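>>> quick one: sequence plus predicted model below, questions after.
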Amino acid sequence: MHKRTIGVLLGAFLLLAMGTLGCSVSQLIARRAPVTVTPTRTPRPTWTPVVGGVRVATPTLDVTRFPGLALPTAAQTAAPPTPQQWVPGSEATIFVPQPPAGGPAVQTVVVIIVTATPPPLPTTPPVTPLPTETPGPPTATPTATNTPPPPVIVRVTVDKANVRQGPGAGYPTVTQLAIDTEVTVVGRNRAGNWWKICCVNGVDVWIADSVVTVEGPLWLAPEVSDYPPPPPTVAPTATPAPTPTYAWTFRTEGLPEEYSLGQNYFSVKAVIYDGASPLWGYKLKVRKLSTGEEWLSEGSQSNNWTWEVIGWPNDGKPVNPRTDCPSPRTGLLCLKYNVKWDSNGVGVPMGDDVWWEVIATDGAGNPLSSPVRLYTSAANSKWYYVVFTSRP
């Protein structure tokens, strides 16, 4: 009995609870607001840029952003159907939409698209071509004036050396030359034991190498092979002795003389004459062999002689070389000369154990004689006297 009572009470309680819950759910469902569908927003228009102007876009009024906005009438919103374009410098009017009378204010958005005219690309300035240099006339190359080499000469070393018509003992003898005779070489045979020389009576002749010494650039003497064979042996006939032509304009007369100097410089006094009178304008070329240096003297004089006293008289009287030497009195010794040179004038000492060469030349320095070699020593300094003559 007791258990039944409890079961009835529990069932009543459950029924009461379920009824209460159903009422609450019904009220919640009845109170829920209806769902409002939000219209889709109109997309913004896109604009195409216009070159050279400004485009103004007319905005669209969006009621979804401004609830309760009263749309203007058609008369109030009479806007151009297309975006407006304003050109700089023009007086055209730009239309801006206005809100209706009495309506709420609307924010108007004007979109201005400015199209910038691109600046012109830089242009490369034209390149002005440089003026073409017109070459001037070519510079003339000075012609080198080479000193001609001295001729090759033979000097006879025996007395009465035979001169023949060809290179061999089988050729007839033309003449005989005295010892120390110098003649110019114009050729040689292939064996090199005969020299062709010029000239005897205007004709080239031959002399044996065994009776001469040769001076000068031997390699310049050409080989000669076009001579005829020797003639048959015949009895020799007497031939008058001709006057040979010498190799040089001048030859030395006698041997160089030496006299005490007492100074450390090289000095030479010389005669250049025709055998009787002094000749004018010739020079001395002096070469120091140890260094190869060369110098030219002043030109020789021809108006009169210059005198050098080498021996003094014992009479105690003063000596005037100009007046006393031409007719020297007893005990007075003089040497005459007409050209001289010394190394003191060019600041070159004599030096010990030095060879010098002295050559007679023309006014331009071209050699006219074979060289005269002189050996000097500062410990025993001397001056030298040389005579050049054009006399045969």
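Sure thing, it's come through.
>>> would you mind listing the buried residues in stretch 152-163?
Buried residues in stretch 152-163, counted by 16 or more other C-beta atoms under 10 Å: 152-156, 161-163. Every C-beta, even on glycine, is put in place using the N, C-alpha and C of the backbone.
>>> for the residue lying closest to S277 once chain neighbours are set aside, what are its contacts?
Of all residues not flanking S277 in the chain, S302 sits nearest, at 7.0 Å (C-beta to C-beta, 6 or more residues apart in numbering). Contacts here follow C-beta atoms under 8 Å, 6 or more residues apart in numbering; on that basis S302 touches 277-281, 338.
>>> make a ChimeraX selection of the buried ones in those residues.
Remark: buried members of the contacts of S302, expressed as a ChimeraX selection using 16+ other C-beta under 10 Å:
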select :278,279,338
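>>> among the contacts of S302, which pair sits farthest apart?
S277 and G281 (13.4 Å; C-beta to C-beta).
>>> for the protein, give me the ranges with low pLDDT.
Within the chain, the segments meeting pLDDT under 70 span 1-8, 11-127, 131-145, 233-239, 241-246.
>>> per the record, what domains does it have?
Domain assignment for the chain by automatic domain parsing gives 153-220, 251-302+338-389.
>>> where do the helices sit along the protein?
2-31, 321-324 (DSSP state H).
>>> contacts only, for P232.
Contacts for P232 (C-beta under 8 Å, 6+ apart) come out as none.
>>> could the C-alpha coordinates of stretch 217-226 be exported in CSV?
The C-alpha trace of stretch 217-226 is given here as CSV (Å, rounded to 0.1, in the frame of the first residue of the first chain):
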residue,chain,number,x,y,z
PRO,A,217,138.7,48.3,-96.3
LEU,A,218,140.0,45.2,-98.3
TRP,A,219,136.5,43.7,-98.5
LEU,A,220,135.5,46.6,-100.8
ALA,A,221,137.9,45.5,-103.5
PRO,A,222,135.8,43.5,-106.0
GLU,A,223,137.0,40.2,-107.6
VAL,A,224,138.1,40.6,-111.2
SER,A,225,138.0,37.6,-113.6
ASP,A,226,137.6,39.2,-117.0
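>>> next, the buried residues of it.
Within stretch 217-226, the residues that count as buried by 16+ other C-beta under 10 Å are 221, 224.
>>> same question, stretch 348-361
Neighbour-count burial for stretch 348-361 flags 348, 350-351, 354, 356, 358-361 (criterion: 16+ other C-beta under 10 Å).
>>> now tabulate these in a markdown table and tack on distance to A379.
Shown next, in a markdown table, are the buried residues of stretch 348-361 (distance: C-beta to C-beta, whole Å):
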| residue | distance to A379 |
| --- | --- |
| V348 | 17 |
| M350 | 10 |
| G351 | 11 |
| V354 | 12 |
| W356 | 16 |
| V358 | 21 |
| I359 | 27 |
| A360 | 29 |
| T361 | 31 |
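>>> so which of those residues are in strands?
Of the buried residues of stretch 348-361, the ones assigned to strands by DSSP state E are 354, 356, 358-361.
>>> among those, which one sits closest to L130?
Nearest to L130 among these is T361, at 55.4 Å by C-beta to C-beta.
>>> residue contacts, that closest one?
Under the criterion of C-beta under 8 Å, 6+ apart, the neighbours of T361 are 282-285, 296, 367-369.
>>> one more time with 10 Å
Neighbour list for T361: 147, 249-250, 272, 282-285, 296-297, 367-369 [criterion: C-beta atoms under 10 Å, 6 or more residues apart in numbering].
>>> of those, grab the buried ones for ChimeraX.
This is the ChimeraX syntax for the buried subset of the contacts of T361, where burial follows 16+ other C-beta under 10 Å:
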select :249,250,272,282,283,284,285,297,367,368,369
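>>> distance to P318 added to the contacts of T361, as CSV?
Converted to CSV, those look like this (distance: C-beta to C-beta, whole Å):
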residue, distance to P318
T147, 47
T249, 40
F250, 36
I272, 31
Y282, 33
K283, 34
L284, 31
K285, 37
L296, 36
S297, 30
P367, 42
L368, 39
S369, 38
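>>> quick check: the farthest pair among the contacts of T361?
Pairwise distances across the contacts of T361 peak at 19.6 Å for T147 and I272 (criterion: C-beta to C-beta).
>>> residue boundaries of the strands in the stretch 251-392 of the chain?
251-252, 257-260, 267-273, 283-288, 293-296, 306-311, 333-337, 339-342, 354-361, 372-376, 382-389 (DSSP state E, counting those that start in this stretch).
>>> what does the stretch 101-250 of the chain give?
111-114, 153-156, 161-164, 173-177, 182-188, 194-200, 203-208, 212-215.
>>> which residues touch K340?
Residues near K340 by C-beta under 10 Å, 6+ apart: 267-270, 284, 297-298, 300, 306, 308, 383, 385.
>>> what's the PyMOL line that selects buried ones from those?
Only the buried entries of the contacts of K340 go into this PyMOL selection, using 16+ other C-beta under 10 Å:
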select buried, resi 267+268+269+270+284+297+300+306+308+383+385
